[in-house]
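Participant: Sequence and predicted structure below; questions after.
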Amino acid sequence: MGGVSPWIRKTKRRSWVVLSRQQCVDAVAAMSVKAFELVPAVERDLLMGDKARINIECIECCGKHLYVGTNDCFVHHFLLDEVPSPKGKLSYLVQKLLHKYLGLKKPVAELRAASALERLIVLCDGMVFLVDMVTLESVPSAAGGGVKIRGVIAFCVNENPVNGDPFCVEMAILSSKRRTVQIYMVHKDRVQLVKEVSTPEQPCALSLDGYFLCLALTTQYMILNYNTGASQDLFPYNSEERRPIVKRISREEFLLAAPGGLGMFANAEGVSQRAPVSWSESVIAAAVSFPYVVALDENFITIHSMLDQQLKQTLSFRDGHILQDFEGKVMLASTKAVYVLVPLPLEKQIQDLLASHRVEEALILTEGAQRNIPKDKFQVLHRRILQRAGFIQFGKLQFQEAKEHFRKGELDVRELISLYPLLLPASSSFTRFHPPLHEFADLNHLAQGDQEKVLRCKKFLISYLKEVRSTEVVNGCREDVDTALLKLYAEQDHDSLLDLLATENACVLADSVPWLEKYHKYFALGLLYHYNGQDSAALQVWTRVVDGDLQDSTRSDLFDYIVDFLCCCSNLDLVWKYADWALQKDSTKGVHIFIRRPSSKDQSELNPEEVITYLGNNKEALLLYLEYLVLEKKIQKEKFHSHLAVLYLERVMSLLSDSSTDEESMTRARERLQAFLRESNLYRVQFLLGKMENCEQLLLERATLHGKLEEHDKALHILVHKLRDFPSAEAFCVWASSSRDPAHRQRLFHLLLEVYLGGEPQAEAGGGVLEMAAVDLLNRHGEVFDAVRVLRVLPEGWSLQLLRPFLNRAIRATMHTRHTSQIAVGLAHSENVQLLHDRLKERKKPIFVSEKKGCHLCHNTFKEPDVVCLPGGVPVHTHCVAQRIKDSPTKRQLTNSSNHT
């Protein structure tokens, strides 16, 4: 690189720094990729034989036809045939067809093919003229003489013509005599000047696309629209210091040689939509073979990417002075020979980049090459490149980038799982992609014994599989994914193991069972059995854990879980089989198998009587189950109620017979018995009375049973004379009359008063206590009693002061009842007057009744003419109005009034 000027590279701060020669070499080595091969096309001997002074001045290629212009005014015509070798390398078989002397004794400066016209446009000795592409003979004009344009510095052909004639070529030329650009239409046998535009300076190089001219003037580049005359200055340069380069690279876009060794891109608006490439200061020519910019200087060919502006390849090439691209074929020439720069297949370039772990460059090249590859082929290639890139990033433990590449590349997730030994189920039919997407045998090969790397890779796989598990990526391989996840969860003691097994999954049972057993995940194993319809196996494993035969700390409440599981189990054989085990472990929890069983169409019902028979020897469980049937489900069966009452009674009597029973337990047991005796009406009262007949400690319960038999005198006798429990006696009267009419309550309270006032023949000393109880009863419940009747039975010696509260309440109650009755009578009288008034108003009006009309109260039709007319002339059935009067508030008040009214 002795003759190469220093290169320039753009830094992150967007400033330009000059690199030394060694830095340039190092940069090339670091970034090199083989994008092109230099293949000889026309060798010196074939072109000029032993004539040493003949030099190549210009070249033109049209399909297989190559035209070479030399300094001795000859045009040589060659035929190039591509010859691929067995190794895939390309060579050319060259055949010289013709050479022709043009007769001007000057070098041939420029050649351009117009294949539609079968003409070559030639610039030689300042003249542009046409020659036949086959014979190389000059083409005479239609008016006679040759077709010539004189005083031409340079010309170019419009590759994006605006004229719609396919047999006409548009051409722009630079005149040597004036600062103008002329636009010509070239026909088969004539040329026609159609436009001439002036420029501020003399142009020295040009390119044409559509209406847009890109010109290199003496001191600057500019864009000129020859149709409108609009122009746009681009950037300055000095034409005396270096040769300008103006190259059309695509529709309305040009490549220019800028100061500082930069290749600048500019579009028709004068805007650069691509970053510049940094090439040599002494670039002679440039060409584009997408996605690369090829530049030629005195000693080297440099190849830069248009996608990331990086230098990709450098080829040594001395004495080169021509570089052009012809319909995608890049050709260059020294003074003595012609070469073709053959691009390597993009896929090979990409694979080479990936082999060097240059992932970003490979992806940029892949995506940039999209327009040059058929859509279907590109999609396949792009996915494969993304997948390979993902594995490269995975190998570097750059998991976020790897995941993104895997996702975009639609990786078969089994490619990744297969790296982890034993994760794929034995039944999996997966085989790795060929050629391989990575260089790793397995995870151990990648980690090289580093357990931290292994752990990180496993955590990544867990997160990745969780993400893709619900996507289309796993279609067709759900079993492999779920089984791999289960194994990873079990090995890593991951919280999501139970979530996986408790929801829909496709874990392979044969592979999963040994793995769960290996890591003592027996609760999870039971869930897996259950999901696969093997509830018996699940219960067998779980019960062994509860019994201590297997160790698993996943759930400390596993026994409760088993009970709940049996509650919902539809297999009754399993329920009966494991209910006995549960009752032996904990009868109070085990009985929930029968109590919490949900009712549904899909759930088999248990016969309560069968359950009661089954629980017969387990008093505690039986008691809980009967409480569930009677108190919660409200089953109205005498058998169940009597059985529950007997169990309550036996429990109390058992506690009574145990001298070590604490008072709290006894109180709680008796309260449950007493509450049930009061609330239930279905048990066998006489049977229970017989069981507690000789138990003097259950007098309160006996009193309740007498009350159930309407033997209120016996009940009150027990409460007052045996228990001396006056509050309980009053509470008994309230309870026994709670669902009866007021008269019944009054009778009970009078009966209690009579018991108090009657005293006890055997215990005269207690008379004073009973009298005080009677006074308290009257003063507390005075409104219940018939005051007149009470006054008649009270002892004459009682003072009015003692009975003052009773008398006050009795008088208030009597007055209230009287006033209520008066109001009711008044309302009834008012209603009667109103009805009489309405009747007088309606008497003279006819009332129409038919089978089509309906009663206003019951909405049924009339079947007979007997009707009653409501106010407003509305006919109703006689029985309907009678019912209405019966239900009226006035009628109810009259019915409910006491005998004091």
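Facilitator: Received it, and whenever you're ready, just let me know what you need.
Participant: residues touching the closest residue to residue 383 other than its chain neighbours, list them.
Facilitator: Leaving out its chain neighbours, the residue that sits closest to residue 383 by C-beta to C-beta, 6 or more residues apart in numbering is residue 409, at 4.7 Å. In short, each C-beta sits where N, CA and C put it, glycine included. The neighbourhood of residue 409, defined by C-beta atoms under 8 Å, 6 or more residues apart in numbering, consists of 382, 383, 384, 385, 386, 387, 389, 390.
Participant: Looking at pLDDT only, which of those residues scores worst?
Facilitator: Looking at the contacts of residue 409 by pLDDT, the weakest one is residue 382, with 84.
Participant: all helices for the stretch 351-500 of the chain, in order.
Facilitator: 359-368, 375-395, 399-408, 413-417, 443-447, 451-468, 478-492, 496-502 (DSSP state H, counting those that start in this stretch).
Participant: Convert the C-alpha atoms of stretch 329-345 to CSV, please.
Facilitator: Extracted as CSV, the C-alpha positions of stretch 329-345 are listed here (Å, rounded to 0.1, in the frame of the first residue of the first chain):
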residue,chain,number,x,y,z
LYS,A,329,-21.4,-6.9,-13.9
VAL,A,330,-18.3,-5.0,-12.6
MET,A,331,-15.4,-4.9,-15.0
LEU,A,332,-12.1,-3.1,-14.8
ALA,A,333,-9.1,-2.8,-17.0
SER,A,334,-5.4,-2.0,-16.8
THR,A,335,-3.7,-0.6,-19.8
LYS,A,336,-3.1,-4.1,-21.2
ALA,A,337,-5.9,-6.5,-19.9
VAL,A,338,-9.6,-6.6,-18.9
TYR,A,339,-10.9,-8.3,-15.7
VAL,A,340,-14.3,-9.1,-14.2
LEU,A,341,-14.9,-8.5,-10.5
VAL,A,342,-17.1,-11.5,-9.8
PRO,A,343,-19.3,-11.2,-6.7
LEU,A,344,-19.4,-14.2,-4.4
PRO,A,345,-22.9,-15.5,-3.6
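Participant: Give the buried residues for it.
Facilitator: For stretch 329-345, a neighbour-count test (16 or more other C-beta atoms under 10 Å) marks 329-334, 336-344 as buried.
Participant: Widest-spaced pair of those residues?
Facilitator: Using C-beta to C-beta, the buried residues of stretch 329-345 reach their maximum pairwise distance at 336 and 344, which is 26.2 Å.
Participant: Let's verify the residue lying closest to residue 148 once chain neighbours are set aside: helix, strand, or coil?
Facilitator: Spatial nearest neighbour of residue 148, chain neighbours left out: residue 129 (4.6 Å); criterion: C-beta to C-beta, 6+ apart. Under DSSP: H, G, I helix; E, B strand; the rest coil, the three-state class of residue 129 is strand.
Participant: contacting residues for residue 129?
Facilitator: Counting by C-beta under 8 Å, 6+ apart, residue 129 has contacts 121, 122, 138, 139, 146, 147, 148, 149.
Participant: Among the residues you listed, show me the least confident.
Facilitator: Minimum confidence in the contacts of residue 129 sits at residue 146, scoring 60.
Participant: related to what we said a few turns ago, can you list the contacts of residue 409 in CSV and add neighbour count?
Facilitator: Listed next are the contacts of residue 409 as CSV, based on neighbours: other C-beta atoms under 10 Å:
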residue, neighbour count
382, 20
383, 14
384, 20
385, 23
386, 22
387, 22
389, 28
390, 27
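Participant: now, which of those residues sits nearest residue 846?
Facilitator: residue 383 (94.1 Å).
Participant: Residue 242 against residue 284, yeah?
Facilitator: No - Residue 242 lies out of contact with residue 284 (C-beta atoms under 8 Å); the separation is 9.3 Å.
Participant: Now the lengthiest helix in the chain: buried residues?
Facilitator: Longest helix of the chain, by residue count under DSSP state H: helix 804-842. Neighbour-count burial for helix 804-842 flags 806, 807, 809, 810, 813, 814, 817, 821, 824, 828, 842 (criterion: 16+ other C-beta under 10 Å).
Participant: can those residues go into TSV with extra columns for distance to residue 568 and pLDDT?
Facilitator: Listed next are the buried residues of helix 804-842 as TSV, based on distance: C-beta to C-beta, whole Å; pLDDT from 0 to 100:
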residue	distance to residue 568	pLDDT
806	62	86
807	66	84
809	59	84
810	62	83
813	58	83
814	63	83
817	59	85
821	62	92
824	59	93
828	62	92
842	68	67
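Participant: Which strands and helices lie in contact with whichever helix or strand comes after the longest helix of the chain?
Facilitator: Per DSSP states H and E, helix 804-842 leads on to strand 867-870 as the next helix or strand towards the C-terminus. Contact analysis of strand 867-870 by 3 or more C-beta pairs under 8 Å, 6 or more residues apart in numbering; DSSP states H and E lists helix 804-842, strand 874-877, helix 878-886 as its packing neighbours.
Participant: Quickly run through the sheet partners of the shortest one, with directions.
Facilitator: Right, strand 874-877. Paired neighbours of strand 874-877 in the sheet (DSSP bridges): strand 867-870 (antiparallel).
Participant: and the strand it pairs with, how far from the chain's centre?
Facilitator: Between the centre of strand 867-870 and the centre of its chain there are 71 Å (C-alpha atoms, centre = their mean, to the nearest Å).
Participant: low-scoring stretches of this structure, by residue?
Facilitator: For the chain, the stretches flagged by pLDDT under 70 are 1-32, 50, 142-146, 601-603, 759-767, 842-845, 871-872, 888-901.
Participant: if we can go back for a sec, so the residue nearest to residue 148 bridges to which residues?
Facilitator: Taking DSSP bridges as the rule, residue 129 bridges to residue 122, residue 148.
Participant: Would you quantify the distance from it to residue 324?
Facilitator: Distance, residue 129 to residue 324, using C-beta to C-beta, to the nearest Å: 21 Å.
Participant: same check, this time on residue 416
Facilitator: For residue 416, the distance to residue 324 - C-beta to C-beta - is 48 Å.
Participant: who's more crowded, the two?
Facilitator: Under the criterion of other C-beta atoms under 10 Å, the comparison of residue 416 against residue 324 puts residue 416 first, with 26 against 19.
Participant: I figured the more buried one hits residue 406, correct?
Facilitator: Yes - using C-beta under 8 Å, residue 416 makes contact with residue 406 at a distance of 7.0 Å.
Participant: Overlap in contacts, the two.
Facilitator: residue 464.
Participant: Measure how buried residue 281 is and give me the count.
Facilitator: Neighbours of residue 281 using other C-beta under 10 Å come to 17.
Participant: Over to the one 4 residues further on?
Facilitator: Residues contacting residue 285 under the criterion other C-beta under 10 Å number 18.
Participant: Just give the nearest non-adjacent residue to it, would you?
Facilitator: residue 323 (3.8 Å).
Participant: wait, is the one you found part of a strand?
Facilitator: Yes - assessed by three-state DSSP, residue 323 belongs to a strand.
Participant: how near is it to residue 57?
Facilitator: Distance from residue 323 to residue 57, by C-beta to C-beta: 14 Å.
Participant: try residue 37
Facilitator: 26 Å.
Participant: do residue 399 as well
Facilitator: Taking C-beta to C-beta, one finds residue 399 at 59 Å from residue 57.
Participant: same deal with residue 811?
Facilitator: Counting by C-beta to C-beta - residue 811 and residue 57 are separated by 143 Å.
Participant: who are the neighbours in contact with residue 592?
Facilitator: Residue 592 touches 563, 564, 567, counting by C-beta under 8 Å, 6+ apart.
Participant: and if we set it to 6 Å?
Facilitator: By C-beta atoms under 6 Å, 6 or more residues apart in numbering, residue 592 lies in contact with residue 563.
Participant: What of residue 97?
Facilitator: Here residue 97 is in contact with 77, 79 (C-beta under 6 Å, 6+ apart).
Participant: Work out for me the element it sits within.
Facilitator: Applying DSSP H and E as the criterion places residue 97 in strand 90-101.
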